[in-house]
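Novice: how would this look folded up:
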Amino acid sequence: MPISPPCVVSLVWRLRDAQGQPIDELADPVEFLVGGEDLLPKVEEALLGHDVGYEVSLHLEPEHAFGDYDADLVFFEDRAIFPESVEVGMQFDGMPEGAKTQNMPADAIYTVTEVYPDHVVLDGNHPLAGMALRLDVTVRDVRDATDAEIEAGGVGEPAFTVLSAPSGTRLH
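Specialist: Numbers count the residues shown, from 1 in each chain. Next up, the predicted model:
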């Protein structure tokens, strides 16, 4: 079955930075909705019209991956609003309760990048923002999408969960 929206593809991949250093390897196939919100547009575009067994190597500049790094998404918050166990690599889905910074996007995932006695540094950028990436993808299966998957706009978790990131890190 050729890949065309709406369908579900099962993929494996190897993700590396521009210098070839490994970031993630997905050895067991994971399903993604083509025509939904599961895949980066350039990845989806490269898969269209192909079938099971198709392999492609992509070079993704930041604007086609996770965007440019935005220094305006780095925030300093009072250490007192965080749990005692806060550590570098932890993530908060949305603004931490008690955050005082104005204009802090409420829907971002914030990664703790530094912990000081008086403040904590939060980064609302995607952990791969600003990076050019190399992605090797193999299609393992293609099937029709269900009505529920089409309505949801995806099969499950967003693509590109990175296995080698710091403990507690989720990449979306």
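Novice: Within its sheet, name the partner strands of the lowest-mean-pLDDT helix or strand in the chain and how each one runs.
Specialist: Using mean pLDDT, DSSP states H and E, strand 91-93 stands out as the lowest-scoring helix or strand of the chain, at a mean of 91. Using DSSP bridges, the strands paired with strand 91-93 are strand 109-115 (antiparallel).
Novice: The partner strand - what's its average pLDDT?
Specialist: Across strand 109-115, the average pLDDT comes to 96.
Novice: May I see the buried residues of the least confident helix or strand of the chain?
Specialist: Judged by neighbour count (16 or more other C-beta atoms under 10 Å), strand 91-93 contains these buried residues: 91-92. For glycine as for every other residue, the C-beta is placed from the backbone atoms N, C-alpha and C.
Novice: do stretch 70-84 as well
Specialist: 73, 75, 77, 82.
Novice: Can you dump the C-alpha atoms of that stretch in CSV for me?
Specialist: The C-alpha coordinates for stretch 70-84 follow below in CSV (Å, rounded to 0.1, in the frame of the first residue of the first chain):
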residue,chain,number,x,y,z
ASP,A,70,15.1,31.3,20.9
ALA,A,71,16.9,32.9,23.8
ASP,A,72,13.6,34.6,24.8
LEU,A,73,12.4,31.2,25.9
VAL,A,74,15.0,31.0,28.7
PHE,A,75,13.6,32.0,32.1
PHE,A,76,14.9,32.5,35.6
GLU,A,77,12.5,31.5,38.4
ASP,A,78,12.8,31.6,42.2
ARG,A,79,14.2,28.4,43.6
ALA,A,80,11.5,28.4,46.3
ILE,A,81,8.7,27.4,43.8
PHE,A,82,10.4,24.1,42.9
PRO,A,83,10.5,20.9,44.8
GLU,A,84,13.6,20.2,46.8
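Novice: Please, where are all the helices along this protein?
Specialist: Ranges of helices within the chain are 41-47, 147-152, based on DSSP state H.
Novice: Can I get those in a markdown table including mean pLDDT and distance to residue 94?
Specialist: Formatted as a markdown table, the helices of the chain follow (pLDDT from 0 to 100; distance: least, C-beta to C-beta, whole Å):
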| stretch | mean pLDDT | distance to residue 94 |
| --- | --- | --- |
| helix 41-47 | 97 | 25 |
| helix 147-152 | 94 | 21 |
